[in-house]
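# model this:
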Amino acid sequence: MPKIKTAVFGNTSQRRLDTCHEEFKEVMTLVIAALPYTDPDTGVEIIDCGIICGERSEQEQEEAYRLGNSKARFGESLHNTYPSNACDTLPMRDGRYIWDDKELHAAYAKLVLDTAWHQGYRWKWGGDFESFYDGPHFERAL
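Numbering: from 1, shown residues only. Down below sits the predicted model:
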């Protein structure tokens with residue numbers, strides 16, 4: 001009988017995930033193991049995913065703020081704790097993050113949030129923020 005290969009994160013994504021709260025480690029490991037996944041409501045297929053960011057240092061947070069990738073200064077973001085109470089993650093294709101497909105982001109967020117919910121965790125998704133769209137961002141509801 002052939003061995004079934006379980007999807008795992010690459011070294012860079014795993015290193016970033018390792019800076020996150022245990023909830024993220026648990027849930028995101030389940031998420032990648034569930035791939036490939038097709039959203040039953042939309043038919044959108046998610047092939048792979050990666051972790052963009054967990055904990056951010058002061059320099060990294062201020063750079064994200066300066067570039068407009070974050071609305072928070074250092075100390076104001078859930079990324080600025082160790083372990084991080086926020087995790088930025090996106091679907092991937094051909095080894096590249098998919099930044100500009102909101103339909104794909106929504107299907108992925110549904111998978112991530114449903115997985116978290118089934119583990120007993122309540123998270124918020126940055127795609128639902130009223131102030132600005134932050135599709136990669138997930139945070140613990142503290």
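# Direction included, what does the lengthiest strand in the chain pair up with?
Assignment by DSSP state E gives strand 86-93 as the longest strand of the chain. For strand 86-93, the paired strands and their directions (DSSP bridges) are strand 48-53 (antiparallel), strand 96-97 (antiparallel), strand 137-140 (antiparallel).
# Return the set of buried residues in it.
In terms of neighbour count (16 or more other Cβ atoms under 10 Å), strand 86-93 has its buried residues at 86-92. From N, CA and C alone the C-beta is placed, and that goes for glycine too.
# cool, and stretch 128-141?
Residues of stretch 128-141 classed as buried by neighbour count (16+ other Cβ under 10 Å): 134-140.
# Which members of those residues are the farthest-apart pair?
In terms of Cβ to Cβ, the buried residues of stretch 128-141 reach their longest pairwise distance at Gly135 and Arg140, which sit 17.7 Å apart.
# In this structure, which residue is most central in space?
Thr89 (2.6 Å; Cα atoms, centre = their mean).
# Tell me where the model's unsure across the chain.
Within the chain, the ranges that satisfy pLDDT under 70 run 1-6.
# quick one, the longest helix seen in the chain and strand 48-53 angle?
As assigned by DSSP state H, the longest helix anywhere in the chain is helix 102-118. For helix 102-118 against strand 48-53, the angle between stretch directions is 80 degrees (axes from the mean of the first three to the mean of the last three Cα atoms, to 10 degrees).
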